[in-house]
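Peer 1: Below: sequence and its predicted model.
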Amino acid sequence: MSIAEIPDFKQTIPIDKIGVEERVSRLNKRSIKKDSKLQALKLALSMIDHTTLEGKDSEGKVIQLCSKARLPYAPMPDLPHVAAVCVYPNMVSTAKKALQGTDVKVASVATAFPSGMAQFHIKLDDTRYAVDQGADEIDMVISRGEFLKGNYSFIFDEIAAIKEACGEAHLKVILETGELETLENVRKASDIAMYAGADFIKTSTGKILPAATQPVTLVMLEAIRDFYHETGTMVGMKPAGGIRKAKEALQYLVLVKETLGSAWLTPDWFRFGASSLTNDLLMQIVKQETGVYQSINYFSND
Amino acid sequence: MADRLEVLKTYKTYVGGKFPRSESDRTYRVTDRKEKHIANACRCSRKDVRDAVLAARSAFGGWSSRSAYNRGQVLYRIAEMLEGRKEQFIKELELAGVKEKDARAEVHTSIDRLIYFAGWTDKISQVFGTVNPVASAHFNFSSPDATGVVGIIAPDRSPLLSSISLIAPVIASGNSCVLIASVENPLPAVSFGEVLHASDVPGGVVNILTGYRDETVDTLSSHKDVNAVLNTIADRETRKLIDENASISVKRVTHYPAEDWFLDDHENPYLILEFMETKTTWHPVGI
């Protein structure tokens, strides 16, 4: 991409907040029942980045997480496995080993997740380390402080440099929308990330409230759509944090379908960053199959 | 001027400490003994049952970990609140065709029954807990613990007294419950929800639904997050349905049909014990 094609990020694209909320609430009213619901639940399951990002994570916990990722519910072995597991860099090799022989990807957060408050070379090293350990995908955070200062070229260069450090690995850029204050900023950060080379844009770290919300997701999806019309390049979307219920997951799928179309409705282009969503999806799938409301006691924790 | 058209109240349900209408937006007519339309009640669907079970499950942890003494205070508080609002309940029973004298007796017995069970909360484990003789070097003791979420299917007879006689022993030990109120006269049970709301019972410990049993009992008794069912309906088909559904997740089932809810028989600690599990601890000693 030549310099001329990169838009001027000092220009702000206005976002109609009321309009966004109206559209979200209208799309939320869409009713998905029976077979379509079951299909959607299974699709959502296959799009999950099964995540554990806690200071108390251990190898044991990550191995357990990986077994759940490859076989979410043993009594129903035909269910799809999740898209990826998402862990800290020092857990990547453990996860990689536990997932050997499966299509489940290993994603690693990097660049001094979740705050991103570290020197630039440390962020690069963090990224290279995760890739060396075998991470297929890197989830980086942007420097929100610099962004809010208006230092957009800093953000652009940072993302571009991390993208280079990723090599073959896919890069997801976390905007941490809960700290960006306005939807205009969300749109701007999305544009910067995509023009700088992001393969995915992601809403949140899950460590800050509010995390993923549907209005924010819709704004990001529209940014992806416009970027696709401009450049012909598809970029993926990952809402993360706070999505716990199957019903919400289906609402997100409707947003994607209505904004970007069916091409994005695959784990290659859309992901959910979540930990407890997996069990709720499983409970709803089993409810659909058996007609009996389920209890969390019958599903494994990780 | 023409006669004024009276506004008939639509009674709402009581779920998770709130008073929502049925998710289905449906209602049905409640009539008195002479078929006169006296009010409307929500016709709950299986989704309402699901929501109520969810509320009961989230309330269970907090309620069961309260001290038994505190649960007794809360039950006593319900009785106090009911005493203060008894005229409303007498009127409501009269509205449905109960004679004033009988209505008053029903409310009074209801209050006394709450007081009775309030006294048992901190005594149940003393009376039914045991120290067991064992041959090894262990101190071995058993104590009763709350079962979990209990589904209650209330009868049509004595709608206030029966509901309270069923709810009180269940929540006394720390269970939470979902009660399917009488179909014929659900009004006192729903109004009792208002009393619960005004006393210190945490939201979700007691949930009260109204509607037709053939639309709710199946879902309630098959729901895997319900740990026990207390049924007062004697009808064979209903009992069979509950028994079969309960077997899916091995729920505790107690069929408790009663002709006369005024009898003293309903005041006994074994009703509390029905919805408790025995926990036995082996504690090494002398090693």
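Peer 2: Yes, it's here.

Peer 1: Who are the contact partners of the residue nearest the centre of chain A?
Peer 2: With distances taken as C-alpha atoms, centre = their mean, A:Lys238 lies nearest the centre of chain A, 2.5 Å away. A:Lys238 makes contact with A:49, A:172, A:200-203, A:270-273, according to C-beta atoms under 8 Å, 6 or more residues apart in numbering or on different chains. In this view, the C-beta of every residue, glycine as well, is placed from N, C-alpha and C.

Peer 1: Looking at those, which is nearest chain B?
Peer 2: A:Phe272 (21.6 Å; C-beta to the nearest C-beta).

Peer 1: Show me what the closest one bridges to in the sheet.
Peer 2: Beta bridges link A:Phe272 to A:Ile48, judged by DSSP bridges.

Peer 1: what sits against whichever residue of the stretch 201-302 of chain A sits closest to chain B?
Peer 2: Nearest residue of the stretch 201-302 of chain A to chain B (C-beta to the nearest C-beta) works out as A:Ser295 at 3.8 Å. Taking C-beta under 8 Å, 6+ apart, we find A:Ser295 in contact with B:57, B:223-225, B:249.

Peer 1: Go again with 10 Å.
Peer 2: A:283, B:53, B:57, B:148-149, B:223-227, B:249 (C-beta atoms under 10 Å, 6 or more residues apart in numbering or on different chains).

Peer 1: again, but for B:Lys224
Peer 2: So B:Lys224 contacts A:283, A:286-287, A:290, A:292-298, B:53, B:248-249, B:251 (C-beta under 10 Å, 6+ apart).

Peer 1: next one: stretch A:132-146 to chain centre, how far?
Peer 2: 12 Å (C-alpha atoms, centre = their mean, to the nearest Å).

Peer 1: how about that stretch: buried residues?
Peer 2: A:133, A:135-144 (16 or more other C-beta atoms under 10 Å in any protein chain shown).

Peer 1: Can you tell me which of those residues is nearest A:Gly261?
Peer 2: A:Glu137 (23.3 Å; C-beta to C-beta).

Peer 1: Just the ones of the contacts of B:Lys224 in strands?
Peer 2: Using DSSP state E, no member of those falls in strands.

Peer 1: Tell me the buried residues within these.
Peer 2: A:283, A:286-287, A:292-295, B:53, B:249, B:251.

Peer 1: So which of those are in helices?
Peer 2: Residues of the buried ones among the contacts of B:Lys224 located in helices (DSSP state H): A:283, A:286-287, B:53.

Peer 1: Name the nearest of those residues relative to A:Lys29.
Peer 2: Among those, and counting by C-beta to C-beta, the member closest to A:Lys29 is A:Lys287, at 21.7 Å.

Peer 1: Close to chain B: what parts of the stretch 151-300 of chain A are there?
Peer 2: With the criterion set to C-beta under 10 Å from any C-beta of the partner chain, the stretch 151-300 of chain A comes near chain B through A:283, A:286-287, A:290-298.

Peer 1: now with 6 Å?
Peer 2: A:292-295 (C-beta under 6 Å from any C-beta of the partner chain).

Peer 1: Export the residues you listed as JSON lines, with columns for pLDDT and distance to B:His197.
Peer 2: Below are these laid out as JSON lines (pLDDT from 0 to 100; distance: C-beta to C-beta, whole Å):
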{"residue": "A:Val292", "pLDDT": "94", "distance to B:His197": "31"}
{"residue": "A:Tyr293", "pLDDT": "95", "distance to B:His197": "26"}
{"residue": "A:Gln294", "pLDDT": "95", "distance to B:His197": "29"}
{"residue": "A:Ser295", "pLDDT": "94", "distance to B:His197": "27"}
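
Peer 1: which one of these sits closest to B:Lys240?
Peer 2: A:Val292 (17.1 Å).

Peer 1: Just list the residues touching residue 277, thanks.
Peer 2: No chain in the question, so chain A it is. Contacts for A:Leu277 (C-beta atoms under 6 Å, 6 or more residues apart in numbering or on different chains) come out as A:243-244.

Peer 1: Not quite, go with chain B.
Peer 2: Going by C-beta under 6 Å, 6+ apart, B:Glu277 touches B:145, B:147.

Peer 1: Would you agree it falls within a strand?
Peer 2: Yes - counting by DSSP: H, G, I helix; E, B strand; the rest coil, B:Glu277 is located in a strand.

Peer 1: so residue 24, which of the three states?
Peer 2: Reading this off chain A. helix.

Peer 1: looking at chain B here, not the other one
Peer 2: Reduced to three states by three-state DSSP, B:Ser24 is coil.

Peer 1: Just the closest of the buried residues of stretch A:132-146 to chain B, please.
Peer 2: A:Asp139 (31.5 Å).

Peer 1: need the contact list for B:Ser143.
Peer 2: B:125, B:129, B:279.

Peer 1: How about it: what's its closest non-neighbour residue?
Peer 2: B:Gly129 (4.0 Å; C-beta to C-beta, 6 or more residues apart in numbering or on different chains).

Peer 1: pLDDT value on the one you found, please?
Peer 2: pLDDT for B:Gly129: 96.

Peer 1: And the residue positioned nearest the centre of chain B, how far from chain A?
Peer 2: Among the residues of chain B, the one closest to the centroid is B:Ile167, at 2.9 Å (C-alpha atoms, centre = their mean). Per C-beta to the nearest C-beta, to the nearest Å, B:Ile167 is found 22 Å from chain A.

Peer 1: ok, which stretches of the chain are helices?
Peer 2: Picked chain A for this. Under DSSP H, chain A gives helices at A:17-28, A:34-46, A:59-70, A:92-98, A:120-132, A:144-149, A:152-166, A:183-195, A:214-231, A:246-260, A:277-290.

Peer 1: To clarify, I was referring to chain B.
Peer 2: B:46-65, B:68-84, B:86-95, B:100-120, B:124-128, B:159-172, B:187-198, B:213-222, B:236-248, B:270-273.

Peer 1: what's the most buried one of those helices?
Peer 2: helix B:159-172 (a mean of 27; mean count of other C-beta atoms under 10 Å in any protein chain shown).

Peer 1: could I have that one exported to CSV, CA atoms only?
Peer 2: Provided in CSV are the C-alpha atoms of helix B:159-172 (Å, rounded to 0.1, in the frame of the first residue of the first chain):
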residue,chain,number,x,y,z
PRO,B,159,-54.1,-20.9,48.6
LEU,B,160,-52.4,-18.7,51.2
LEU,B,161,-52.0,-21.2,54.0
SER,B,162,-50.9,-24.0,51.7
SER,B,163,-48.3,-21.8,49.9
ILE,B,164,-46.8,-20.7,53.2
SER,B,165,-46.9,-24.2,54.7
LEU,B,166,-44.8,-25.4,51.7
ILE,B,167,-42.4,-22.4,51.4
ALA,B,168,-41.5,-22.0,55.0
PRO,B,169,-40.0,-25.5,55.7
VAL,B,170,-38.2,-25.5,52.4
ILE,B,171,-36.4,-22.1,52.9
ALA,B,172,-35.9,-22.6,56.6
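
Peer 1: what mean pLDDT does it have?
Peer 2: The model assigns helix B:159-172 a mean pLDDT of 98.

Peer 1: Direction-wise, compare it with helix B:86-95 and give the angle.
Peer 2: 130 degrees (axes from the mean of the first three to the mean of the last three C-alpha atoms, to 10 degrees).

Peer 1: And helix B:159-172, how far out from the chain middle?
Peer 2: The answer for helix B:159-172 is 5 Å, by C-alpha atoms, centre = their mean.

Peer 1: Right, I'll leave it there.
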